[in-house]
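Asks: Kindly generate the corresponding structure for this input.
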Amino acid sequence: MNKKLGKNGLFFWLFLAPVLIALIMVVVIPLLYGVYYSFTNWDGINTPVFAGITNYIQLLGDEGFRNALWFTTKFAVVSIVLINAIGLGLALLVTQKLKGSNLMRTVFFMPNLIGGLILGFIWQFVFIQGFDAIGQAVGTQALQGWLSTTRTGFWGLVILTAWQMSGYIMIIYIAHLEGIPEDLVEAAQIDGANVFQRFRHVIFPLVAPAFTVSMFLTLSNSFKLYDQNLSLTGGAPYNSTQMVAMNIYNTAFLENKMAYAQSKALIFFIIIAVISLTQVYYNKKREVEM
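Replies: Numbers count the residues shown, from 1 in each chain. Model (predicted):
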């Protein structure tokens, strides 16, 4: 019996070894190196010299990083709400057994297959050329120069991200909606529950696990957004639409402050980890209460 368990344990670790090695090589070791470099003055070329917490002290007074973090936080909150609301709405629509629902699923999911850089350039053309043409046609300047201000640039990024991610989140909600027993919904309908009551008290509690997963995915994606930010606004005007990922990249590769950029990345990692774990814990607790 012990030999059998030992053999099974050996096979278990043999199958697990490639994944563990890849995880250690790609994630753990770079993370440890990053922590070390954040306490140095490394510029990417010269030998790093230990500098203590100098980078972190400098980070406290970095107004550009604070502005990027605040802009990213606002963007994440708005995007998470919109993407989940639209994704759930689309999932409810295509699970109504309507004619052409399979085609609609494909159409709604297709934007997620397009790369972020390409999407950014597509929507840049729409916001600049398309909106400008519409504004001239209807005789209004409200649609012109859409990406030239911080406010409209913010909403441009939100629209792009929601358009791309909603179809992906829709698939997650569909998987849970199709697993709801129809007799529960029919019983609620027989008892006199209207559409809103059936959704609030029957459907939504049963798709709560999907909401937890979708919240985690949209939260992490919104905070880490870079390619769409680069191709749509590039941080303009005057870095007012610059998100944290772009701020860190520019610090590292445009200013050659590798160690300082790594200290930003480490702080950003801690912020995302705390928010994500808190969100998962709270939503899991809500699932039990429902």
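Asks: Could you pull up the mean pLDDT of the helix or strand where residue 151 lies?
Replies: Using DSSP states H and E, residue 151 falls within helix 150-177. Per-region confidence: helix 150-177 scores 94 on mean pLDDT.
Asks: what bits of this structure have low per-residue confidence?
Replies: 1-8, 287-290 (pLDDT under 70).
Asks: residue contacts, the residue positioned nearest the centre of it?
Replies: The centroid of the chain falls nearest to residue 221 when counting by CA atoms, centre = their mean (1.5 Å). By CB atoms under 8 Å, 6 or more residues apart in numbering, the residues touching residue 221 are 161, 165. Where C-beta positions appear, they are placed from N, C-alpha and C, glycine not excepted.
Asks: Buried ones in the helix or strand following the helix holding residue 151, by neighbour count?
Replies: Counting by DSSP H and E, the next helix or strand C-terminal to helix 150-177 is helix 182-190. Buried residues in helix 182-190, counted by 16 or more other CB atoms under 10 Å: 185, 188.
Asks: Name the next helix or strand downstream of helix 182-190, please.
Replies: helix 195-198.
Asks: what residues does the helix or strand that that following helix is followed by touch?
Replies: Next helix or strand after helix 195-198 toward the C-terminus (DSSP H and E): helix 204-206. When contacts are defined by CB under 8 Å, 6+ apart, helix 204-206 is touched by residues 176, 179-180, 184, 290.
Asks: still on that earlier bit, next, report how far the helix holding residue 151 is displaced from the centre of its chain.
Replies: When C-alpha coordinates are averaged (CA atoms, centre = their mean, to the nearest Å), helix 150-177 and its chain have centres 9 Å apart.
Asks: before we move on, what about stretch 125-143?
Replies: With CA atoms, centre = their mean, you get 29 Å for stretch 125-143.
Asks: Send me that stretch as CSV with only the CA atoms.
Replies: C-alpha atoms of stretch 125-143 as CSV (Å, rounded to 0.1, in the frame of the first residue of the first chain):
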residue,chain,number,x,y,z
PHE,A,125,-9.9,56.5,-35.9
VAL,A,126,-13.6,56.3,-34.8
PHE,A,127,-13.2,59.0,-32.1
ILE,A,128,-11.1,61.4,-34.2
GLN,A,129,-12.1,60.9,-37.8
GLY,A,130,-15.6,59.4,-37.4
PHE,A,131,-16.8,61.7,-34.6
ASP,A,132,-15.4,64.7,-36.3
ALA,A,133,-17.2,63.9,-39.5
ILE,A,134,-20.5,63.4,-37.6
GLY,A,135,-20.0,66.7,-35.7
GLN,A,136,-19.4,68.6,-39.0
ALA,A,137,-22.5,66.9,-40.5
VAL,A,138,-24.8,67.9,-37.7
GLY,A,139,-23.2,71.2,-37.0
THR,A,140,-21.9,70.6,-33.5
GLN,A,141,-18.4,70.7,-32.0
ALA,A,142,-19.3,68.4,-29.1
LEU,A,143,-18.1,65.4,-31.0
